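Peer 1: just the structure for this:
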Amino acid sequence: MPNSQIRIYTQKEQGEEWLRRYRGSLPVFGCVLGFTETGLIPGISAAGRTPEDRKYTACADAEFLYYGPEHKPQHPLPPLAAGASPVLISRAVFESLKIPVHLFNAGLPHPPAVPLIDLGGASAKCLSGGAAMEITTVHHLFKQGLLWGERLAANIQQSYVIFGECVVGGTTTALAILTALGIDAAGKVNSSHPICNHGQKWALVQAGLEKAGSRGQGTGGKKQDEIFQSQIMTSVDPLKIVAAVGDPMQVVVAGMAIAASRSCGVMLAGGTQMLAVYALMSAIAQAYALSWQPEAVVIGTTRWVAEDPTGATVDLALSLEKGNLTPSGTTPPLLATDLSFADSRYPQLRAYEQGFVKEGMGAGAACIAAHLSQNWQQDQLLAAIESQLERLSTAFH
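Peer 2: Numbering: from 1, shown residues only. Alright, predicted model coming up:
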């Protein structure tokens, strides 16, 4: 039976088959926290009001996800220009459904005050320099991803694992990865702003790719020149692309999802960033001859991302098969929760309907999991999320 609470935007049959298969199953959640200095550029992200706030966004989200609203956090949720952190959504579902949560530090400037698995990574430098990470770090993180993907999937053959992320500035590194893989992504990515800052993102990506030794001469939406494309096809290892213009989360989740897909279902939790991870998985699996099961993998997000009028998420998902380094025909099913905050009594939640915030910390996938396992409808989701906000506002007063 179709679930009216879940929308399928691409690969409808594969998406429906995946939902049928995992209806009634409870997933495991793995959240990979990372950082890129790209996130410190003024105006690049709305996930934290100032660049200094944004250094601690992942710490604050991780603490809230793990402990909930009554815990006095070392790093409180950062003030946003508008709206409330999407971690409220994830926490509401994971707490109610008792979904196991595993937090991974792929590379943060400051470790969060929560029990987590440190993967021995490092924060990325700004992608505009074309030398974001050491290649040895990227190789190490990819191996860690494969290892932990296999571990998380080991006991849940009949179920699925959700991989979420928190990387401030991550949609910009996603644009860089997609572009370097030969996917026409300019003007299609999302952001935490109500109107996406495409020009700012694209300028950074062009600068980074040029410095990385590519001769990218694309301008918003136009194809990269032929030399750039053929050069990338013949010489660039996808892990080197991550080292040049990526962030630590991308390669970890790519490894985790490749490994987990071999034995259970995988939901990549997010929009633009997870489309980039999916493209990266395809490219890495091809470059390194690794086996994986593309039909086990779906992308789960919110409709605020999937239907963002200032991005083109569905178009971007459909563009994945046109990349040079991604095997043709690999377009993942893009699913979204139908969750609406239009009737919320909280202005911070209603702000989502105006385009503020949109997604993060696995929020969309968490709602899809609630629909799938407990058949939660709009009213149950809204009540659980509002309850988190209410508890948060009364916790320390």
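Peer 1: what are the ranges of the helices in the stretch 201-350 of the chain?
Peer 2: Ranges of helices in the stretch 201-350 of the chain, per DSSP state H, counting those that start in this stretch, are 226-235, 238-245, 248-261, 272-287, 303-306, 313-319, 347-350.
Peer 1: run the chain-centre distance for the second one.
Peer 2: In terms of CA atoms, centre = their mean, to the nearest Å, the gap separating the centre of helix 238-245 from the centre of its chain is 18 Å.
Peer 1: looking at the helices of the stretch 201-350 of the chain, which is closest to Tyr67?
Peer 2: Tyr67 sits nearest to helix 347-350 of all these, at 20.0 Å, using CB to CB. Placement of C-beta: from N, CA and C, glycine included.
Peer 1: for the helices of the stretch 201-350 of the chain, which one ends up most surrounded?
Peer 2: Compared across the helices of the stretch 201-350 of the chain, helix 248-261 shows the largest average neighbour count, a mean of 30 (mean count of other CB atoms under 10 Å).
Peer 1: what sits closest to Phe49 if chain neighbours are left out?
Peer 2: Check again: residue 49 is Arg, not Phe. Of all residues not flanking Arg49 in the chain, Pro79 sits nearest, at 5.0 Å (CB to CB, 6 or more residues apart in numbering).
Peer 1: next one: Gln348
Peer 2: Once flanking residues are discounted, Gln348 sits nearest to Ala84: 3.9 Å by CB to CB, 6+ apart.
Peer 1: ranges for the strands of the stretch 101-250 of the chain?
Peer 2: Taking DSSP state E, counting those that start in this stretch as the criterion, the stretch 101-250 of the chain carries its strands at 101-107, 117-118, 160-166.
Peer 1: mean confidence score for the first one?
Peer 2: It stands for strand 101-107. Averaging pLDDT along strand 101-107 gives 98.
Peer 1: wait, isn't the residue nearest to Gln348 in contact with Leu389?
Peer 2: Yes. Ala84 lies in contact with Leu389 (CB atoms under 8 Å); the separation is 6.2 Å.
Peer 1: between these two, which contacts overlap?
Peer 2: Tyr346, Gln348, Leu349 (CB atoms under 8 Å, 6 or more residues apart in numbering).
Peer 1: residue contacts, the first one?
Peer 2: What that stands for is Tyr346. Shown in contact with Tyr346 (CB under 8 Å, 6+ apart): Ala84, Glu386, Leu389.
Peer 1: top of those residues by neighbour count?
Peer 2: The residue in these with the most neighbours, by other CB atoms under 10 Å, is Ala84 (24 neighbours).
Peer 1: when you compare pLDDT across the contacts of Tyr346, which one is lowest?
Peer 2: Confidence by pLDDT is poorest for Ala84 among the contacts of Tyr346, given 90.
Peer 1: SS state for that residue?
Peer 2: At Ala84, secondary structure determined by DSSP: H, G, I helix; E, B strand; the rest coil is coil.
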